[in-house]
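**Student:** compute the structure for the input listed below.
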Amino acid sequence: MATEQGTSIGRTITLLMIFAITIVAIIIIFAYFNGLFKFVTEGAGSASVTGVFALSGAGSTSGNLILQVTDTSGLPITGIQVTCPTAQFATGICAGLQMNYQASPVSSANPLSKGDFASGSQDVQSAPGTNFTAGTIYTITVTFTFGDGTMQSQTVSVAAQA
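**Tutor:** Sure, this is the predicted structure:
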């Protein structure tokens with residue numbers, strides 16, 4: 001059988017522990033929301049790419065390639081290179097398609113941050129002796145350089161539209 005004094009001390013210790021745990025929880029939440037630490041690391045860079053390929057005509061040798069890149073990671077994108085297959089396009093670098101963010105090329109001086117997007121368009125020519133065909137899916141490779149120096153390539157399939 002417990003004494004009144006023992007029960008009172010037990011309740012006091014329990015209340016002090018609850019108070020201490022509450023204070024620690026408040027400090028952890030405050031630190032998290034002030035960016036002092038993260039529960040999950042953001043890891044490697046990532047991005048999403050969308051595109052449109054508008055042809056000059058149904059069986060044309062030229063068209064306009066339009067791409068949009070969105071940074072979906074916590075790492076800034078400091079470079080973007082677009083590569084087209086030389087079997088289908090006259091040049092493998094998509095005629096110098098340049099991705100712009102805030103009216104300037106994406107670079108280390110003008111990086112793309114999480115949630116931001118860059119876009120670019122370029123008139124392209126088909127490989128010699130070939131035509132672009134409306135409805136055909138063309139695969140474009142986009143290579144990103146992130147702020148930590150890592151690189152990642154991603155392909156985007158665009159359907160040619162007349």
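
**Student:** break down the protein into its helices, ranges please.
**Tutor:** 4-33 (DSSP state H).

**Student:** now this structure, which segments are flagged as low pLDDT?
**Tutor:** Scanning the chain for pLDDT under 70 picks out 1-6, 30-44, 95.

**Student:** ranges for the strands of it?
**Tutor:** Assigned by DSSP state E, the chain shows strands spanning 47-55, 62-71, 77-83, 100-101, 104-105, 117-125, 137-146, 151-161.

**Student:** want to try CSV for these, with distance to residue 111 as columns?
**Tutor:** For glycine as for every other residue, the C-beta is placed from the backbone atoms N, C-alpha and C. Compiled in CSV, those are given as follows (distance: least, C-beta to C-beta, whole Å):
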stretch, distance to residue 111
strand 47-55, 12
strand 62-71, 9
strand 77-83, 5
strand 100-101, 8
strand 104-105, 11
strand 117-125, 10
strand 137-146, 9
strand 151-161, 14
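
**Student:** reformat those strands as TSV; add mean neighbour count and distance to residue 23.
**Tutor:** Supplementary listing: these in TSV, determined by neighbours: other C-beta atoms under 10 Å; distance: least, C-beta to C-beta, whole Å:
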stretch	mean neighbour count	distance to residue 23
strand 47-55	18	41
strand 62-71	20	38
strand 77-83	21	41
strand 100-101	18	44
strand 104-105	12	49
strand 117-125	18	43
strand 137-146	18	39
strand 151-161	14	43
